[in-house]
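heads up, no residue letters with this:
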(Lines give C-alpha, C1' and ligand atoms only; values in the text may rest on other atoms or scores of the structure.)
Protein backbone atom coordinates (compact mmCIF):
# COMPACT_ATOMS: atom_id res chain seq x y z
CA UNK A 1 0.00 0.00 0.00
CA UNK A 2 2.83 2.38 0.84
CA UNK A 3 4.30 1.53 -2.56
CA UNK A 4 1.00 2.49 -4.21
CA UNK A 5 0.98 5.83 -2.38
CA UNK A 6 4.53 6.50 -3.51
CA UNK A 7 3.78 5.69 -7.16
CA UNK A 8 0.62 7.85 -7.20
CA UNK A 9 2.43 10.77 -5.57
CA UNK A 10 5.45 10.42 -7.88
CA UNK A 11 3.18 10.69 -10.92
CA UNK A 12 1.91 14.14 -9.98
CA UNK A 13 5.12 16.12 -10.58
CA UNK A 14 5.69 15.01 -14.19
CA UNK A 15 2.02 15.59 -14.94
CA UNK A 16 2.28 19.12 -13.55
CA UNK A 17 5.37 19.76 -15.69
CA UNK A 18 3.55 18.40 -18.76
CA UNK A 19 0.69 20.84 -18.14
CA UNK A 20 3.18 23.72 -17.96
CA UNK A 21 4.76 22.68 -21.27
CA UNK A 22 1.41 22.38 -23.05
CA UNK A 23 0.29 25.73 -21.63
CA UNK A 24 3.47 27.31 -23.00
CA UNK A 25 2.78 25.78 -26.42
CA UNK A 26 -0.74 27.23 -26.44
CA UNK A 27 0.50 30.64 -25.26
CA UNK A 28 2.76 30.76 -28.34
CA UNK A 29 0.22 29.78 -30.98
CA UNK A 30 0.61 33.25 -32.55
CA UNK A 31 4.39 33.47 -32.11
CA UNK A 32 6.08 33.44 -35.50
CA UNK A 33 8.35 30.47 -36.13
CA UNK A 34 7.72 29.01 -32.66
CA UNK A 35 8.62 25.36 -32.19
CA UNK A 36 6.35 23.40 -29.90
CA UNK A 37 7.53 20.93 -27.29
CA UNK A 38 6.49 17.31 -27.68
CA UNK A 39 5.91 15.13 -24.61
CA UNK A 40 6.11 11.43 -23.91
CA UNK A 41 5.70 9.46 -20.70
CA UNK A 42 7.85 6.38 -20.12
CA UNK A 43 7.72 3.81 -17.38
CA UNK A 44 11.19 2.78 -16.33
CA UNK A 45 12.57 0.27 -13.90
CA UNK A 46 14.07 1.41 -10.64
CA UNK A 47 17.37 -0.23 -11.61
CA UNK A 48 17.63 2.22 -14.52
CA UNK A 49 17.67 5.13 -12.11
CA UNK A 50 21.13 4.20 -10.90
CA UNK A 51 20.05 3.10 -7.43
CA UNK A 52 18.17 0.16 -5.92
CA UNK A 53 14.58 0.72 -4.94
CA UNK A 54 14.39 1.67 -1.27
CA UNK A 55 12.56 -0.38 1.34
CA UNK A 56 9.73 -1.10 1.95
CA UNK A 57 9.09 -1.45 -1.78
CA UNK A 58 11.19 -4.56 -2.32
CA UNK A 59 14.47 -6.30 -1.57
CA UNK A 60 17.56 -4.18 -2.17
CA UNK A 61 18.61 -4.20 -5.81
CA UNK A 62 15.39 -5.78 -7.07
CA UNK A 63 14.16 -4.27 -10.35
CA UNK A 64 10.62 -2.88 -10.07
CA UNK A 65 8.56 -0.62 -12.31
CA UNK A 66 8.07 2.88 -10.98
CA UNK A 67 6.03 5.99 -11.81
CA UNK A 68 6.17 7.40 -15.36
CA UNK A 69 9.03 9.72 -16.31
CA UNK A 70 8.40 12.66 -18.63
CA UNK A 71 10.53 13.08 -21.75
CA UNK A 72 10.53 16.44 -23.55
CA UNK A 73 11.76 17.34 -27.01
CA UNK A 74 11.34 20.16 -29.52
CA UNK A 75 9.31 19.53 -32.65
CA UNK A 76 11.39 21.14 -35.43
CA UNK A 77 8.93 20.53 -38.26
CA UNK A 78 8.12 23.56 -40.42
CA UNK A 79 5.10 25.79 -39.93
CA UNK A 80 2.90 27.34 -42.60
CA UNK A 81 4.48 30.19 -44.62
CA UNK A 82 2.18 33.13 -45.28
CA UNK A 83 2.79 36.02 -47.70
CA UNK A 84 2.77 39.48 -46.06
CA UNK A 85 4.30 41.70 -48.74
CA UNK A 86 6.38 43.49 -46.11
CA UNK A 87 10.03 43.71 -47.28
CA UNK A 88 11.28 43.39 -43.69
CA UNK A 89 9.58 40.01 -43.34
CA UNK A 90 11.52 36.90 -44.33
CA UNK A 91 10.80 33.19 -44.10
CA UNK A 92 12.91 30.08 -44.61
CA UNK A 93 11.92 27.23 -46.89
CA UNK A 94 13.90 24.22 -45.76
CA UNK A 95 15.42 22.99 -42.48
CA UNK A 96 17.57 26.04 -41.77
CA UNK A 97 17.41 28.67 -39.01
CA UNK A 98 18.34 32.33 -38.94
CA UNK A 99 21.41 33.05 -36.80
CA UNK A 100 21.00 35.83 -34.24
CA UNK A 101 23.65 37.47 -32.08
CA UNK A 102 22.51 36.83 -28.50
CA UNK A 103 24.07 38.37 -25.39
CA UNK A 104 26.13 35.22 -24.69
CA UNK A 105 26.62 33.77 -28.15
CA UNK A 106 24.77 32.67 -31.24
CA UNK A 107 21.05 31.91 -31.05
CA UNK A 108 18.64 30.63 -33.69
CA UNK A 109 15.13 31.38 -34.90
CA UNK A 110 12.61 30.80 -37.68
CA UNK A 111 10.86 34.07 -36.86
CA UNK A 112 11.68 36.48 -39.69
CA UNK A 113 9.72 39.54 -38.53
CA UNK A 114 12.71 41.88 -38.80
CA UNK A 115 13.07 45.60 -38.23
CA UNK A 116 15.74 48.14 -39.10
CA UNK A 117 17.42 50.06 -36.29
CA UNK A 118 18.21 53.76 -36.68
CA UNK A 119 21.72 52.89 -37.87
CA UNK A 120 20.37 50.33 -40.37
CA UNK A 121 21.17 47.19 -38.36
CA UNK A 122 18.68 44.42 -39.08
CA UNK A 123 17.16 43.23 -35.82
CA UNK A 124 15.29 40.08 -34.90
CA UNK A 125 11.97 40.51 -33.08
CA UNK A 126 13.90 39.97 -29.82
CA UNK A 127 15.91 43.13 -30.51
CA UNK A 128 19.13 41.18 -31.12
CA UNK A 129 21.03 41.67 -34.42
CA UNK A 130 20.47 39.31 -37.32
CA UNK A 131 23.78 37.80 -38.38
CA UNK A 132 25.48 37.58 -41.75
CA UNK A 133 28.55 35.49 -42.49
CA UNK A 134 30.64 38.47 -41.36
CA UNK A 135 28.69 39.72 -38.34
CA UNK A 136 25.53 41.81 -37.83
CA UNK A 137 23.79 42.85 -41.05
CA UNK A 138 23.59 46.59 -41.67
CA UNK A 139 21.43 48.10 -44.42
CA UNK A 140 22.04 51.85 -44.90
CA UNK A 141 19.06 53.87 -43.60
CA UNK A 142 16.68 55.04 -46.33
CA UNK A 143 17.85 52.48 -48.89
CA UNK A 144 15.59 49.97 -50.62
CA UNK A 145 16.21 46.49 -49.28
CA UNK A 146 15.88 43.43 -51.49
CA UNK A 147 16.71 39.93 -50.28
CA UNK A 148 17.59 37.13 -52.69
CA UNK A 149 16.64 33.48 -52.36
CA UNK A 150 20.15 32.64 -51.15
CA UNK A 151 19.84 35.24 -48.38
CA UNK A 152 21.95 37.93 -50.04
CA UNK A 153 20.76 41.39 -48.95
CA UNK A 154 20.90 44.27 -51.44
CA UNK A 155 20.65 47.96 -50.53
CA UNK A 156 19.69 50.01 -53.60
CA UNK A 157 21.05 47.17 -55.73
CA UNK A 158 24.37 46.86 -53.89
CA UNK A 159 25.01 43.64 -51.89
CA UNK A 160 25.70 44.37 -48.22
CA UNK A 161 25.86 40.82 -46.87
CA UNK A 162 24.15 37.45 -46.78
CA UNK A 163 21.74 36.35 -44.07
CA UNK A 164 23.40 33.53 -42.15
CA UNK A 165 21.26 30.39 -42.17
CA UNK A 166 22.35 27.28 -40.32
CA UNK A 167 21.12 23.78 -39.67
CA UNK A 168 21.09 22.33 -36.17
CA UNK A 169 22.81 18.92 -36.29
CA UNK A 170 21.46 17.56 -32.99
CA UNK A 171 17.72 18.27 -32.44
CA UNK A 172 18.01 16.79 -28.94
CA UNK A 173 20.46 19.56 -27.99
CA UNK A 174 18.10 22.40 -28.94
CA UNK A 175 16.27 24.34 -26.23
CA UNK A 176 13.98 27.35 -25.99
CA UNK A 177 15.93 30.51 -25.11
CA UNK A 178 12.97 32.91 -24.81
CA UNK A 179 11.87 35.74 -27.12
CA UNK A 180 11.20 33.34 -29.98
CA UNK A 181 14.81 32.12 -29.95
CA UNK A 182 16.48 28.74 -29.60
CA UNK A 183 19.85 27.75 -28.20
CA UNK A 184 21.83 24.65 -29.08
CA UNK A 185 24.54 22.77 -27.24
CA UNK A 186 25.93 21.90 -30.67
CA UNK A 187 26.77 24.98 -32.81
CA UNK A 188 24.79 25.44 -36.00
CA UNK A 189 26.48 24.49 -39.27
CA UNK A 190 26.23 26.36 -42.55
CA UNK A 191 23.07 25.56 -44.47
CA UNK A 192 22.98 26.26 -48.22
CA UNK A 193 19.99 24.07 -49.01
CA UNK A 194 17.32 26.34 -47.46
CA UNK A 195 15.89 29.28 -49.39
CA UNK A 196 14.98 32.70 -48.02
CA UNK A 197 11.64 34.20 -49.04
CA UNK A 198 11.22 37.96 -48.67
CA UNK A 199 7.77 39.37 -47.89
CA UNK A 200 6.62 36.26 -46.01
CA UNK A 201 6.50 34.90 -42.47
CA UNK A 202 6.38 31.40 -41.05
CA UNK A 203 3.77 30.64 -38.43
CA UNK A 204 4.53 28.48 -35.40
CA UNK A 205 3.99 24.73 -35.62
CA UNK A 206 1.76 24.46 -32.54
CA UNK A 207 -1.31 22.25 -32.94
CA UNK A 208 -3.81 24.04 -30.64
CA UNK A 209 -6.52 21.38 -30.90
CA UNK A 210 -4.10 18.55 -30.18
CA UNK A 211 -2.58 20.47 -27.26
CA UNK A 212 -6.03 21.10 -25.73
CA UNK A 213 -6.90 17.41 -26.02
CA UNK A 214 -3.62 16.48 -24.33
CA UNK A 215 -4.28 18.99 -21.53
CA UNK A 216 -7.75 17.58 -20.85
CA UNK A 217 -6.37 14.03 -20.77
CA UNK A 218 -3.67 15.13 -18.33
CA UNK A 219 -6.20 16.82 -16.06
CA UNK A 220 -8.24 13.62 -15.90
CA UNK A 221 -5.14 11.52 -15.21
CA UNK A 222 -3.98 13.96 -12.52
CA UNK A 223 -7.36 13.87 -10.79
CA UNK A 224 -7.41 10.05 -10.96
CA UNK A 225 -3.99 9.91 -9.27
CA UNK A 226 -5.16 12.34 -6.59
CA UNK A 227 -8.22 10.18 -5.86
CA UNK A 228 -6.06 7.04 -5.74
CA UNK A 229 -3.65 8.76 -3.37
CA UNK A 230 -6.44 9.89 -1.04
CA UNK A 231 -8.11 6.46 -1.07
CA UNK A 232 -4.87 4.66 -0.23
CA UNK A 233 -4.06 7.19 2.49
CA UNK A 234 -7.48 6.75 4.07
CA UNK A 235 -7.21 2.96 3.87
CA UNK A 236 -3.77 3.05 5.46
CA UNK A 237 -5.11 5.29 8.21
CA UNK A 238 -7.93 2.86 8.99
CA UNK A 239 -5.47 -0.04 8.98
CA UNK A 240 -3.20 1.73 11.45
CA UNK A 241 -6.17 2.60 13.66
CA UNK A 242 -7.37 -1.04 13.60
CA UNK A 243 -3.89 -2.35 14.38
CA UNK A 244 -3.35 0.02 17.27
CA UNK A 245 -6.82 -0.71 18.62
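Looks like it arrived, so ask away. As the structure is a computational prediction, the values presented were derived from the model and not from experiment. Numbering: from 1, shown residues only.

For the longest helix along the chain, buried residues please.
Using DSSP state H to define each element, the chain has its longest helix at helix 208-244. For helix 208-244, the neighbour count (16 or more other CB atoms under 10 Å) marks 211, 214, 215, 218, 221, 222, 225, 228, 229, 232 as buried. Using the backbone N, CA and C atoms, a C-beta is placed for each residue, glycine as well.

can you put those residues in CSV and add pLDDT and distance to residue 136?
What follows is these, written out as CSV (pLDDT from 0 to 100; distance: CB to CB, whole Å):
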residue, pLDDT, distance to residue 136
211, 92, 36
214, 92, 40
215, 92, 40
218, 87, 43
221, 83, 48
222, 79, 47
225, 78, 51
228, 78, 56
229, 76, 54
232, 75, 60
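
out of those, who's nearest residue 163?
residue 211 (31.3 Å; CB to CB).

How much space separates the closest one from residue 11?
Per CB to CB, to the nearest Å, residue 211 is found 21 Å from residue 11.

Equivalent analysis for residue 228, please.
From residue 228 to residue 11 the distance is 9 Å (CB to CB).

and what of residue 75?
24 Å.

Show me which of these two is the more surrounded one.
residue 11 (23 against 13; other CB atoms under 10 Å).

tell me the SS of the more buried one?
Under DSSP: H, G, I helix; E, B strand; the rest coil, the three-state class of residue 11 is helix.

My guess is it contacts residue 225. True?
Yes - judged on CB atoms under 8 Å, residue 11 makes contact with residue 225 at a distance of 4.9 Å.

Residue 19: neighbour count?
Neighbour count of residue 19, defined by other CB under 10 Å: 16.

List the contacts of it.
By CB atoms under 8 Å, 6 or more residues apart in numbering, the residues touching residue 19 are 215, 218, 219, 222.

The residues you listed into JSON lines, with extra columns for distance to residue 173?
Formatted as JSON lines, the contacts of residue 19 follow (distance: CB to CB, whole Å):
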{"residue": "215", "distance to residue 173": "27"}
{"residue": "218", "distance to residue 173": "27"}
{"residue": "219", "distance to residue 173": "32"}
{"residue": "222", "distance to residue 173": "30"}
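
closest to residue 239 among the residues you listed?
Minimum distance to residue 239 across the contacts of residue 19 is 26.0 Å, recorded for residue 222 (CB to CB).

contacting residues around the residue lying closest to the closest one once chain neighbours are set aside?
Excluding the flanking residues, the one nearest residue 222 by CB to CB, 6 or more residues apart in numbering is residue 15, at 4.8 Å. Contacts for residue 15 (CB under 8 Å, 6+ apart) come out as 218, 221, 222, 225.

State the next helix or strand along the chain beyond the helix or strand harbouring residue 106.
Here residue 106 is covered by strand 105-109, with elements defined by DSSP states H and E. Downstream of strand 105-109, the first helix or strand assigned by DSSP H and E is strand 115-116.
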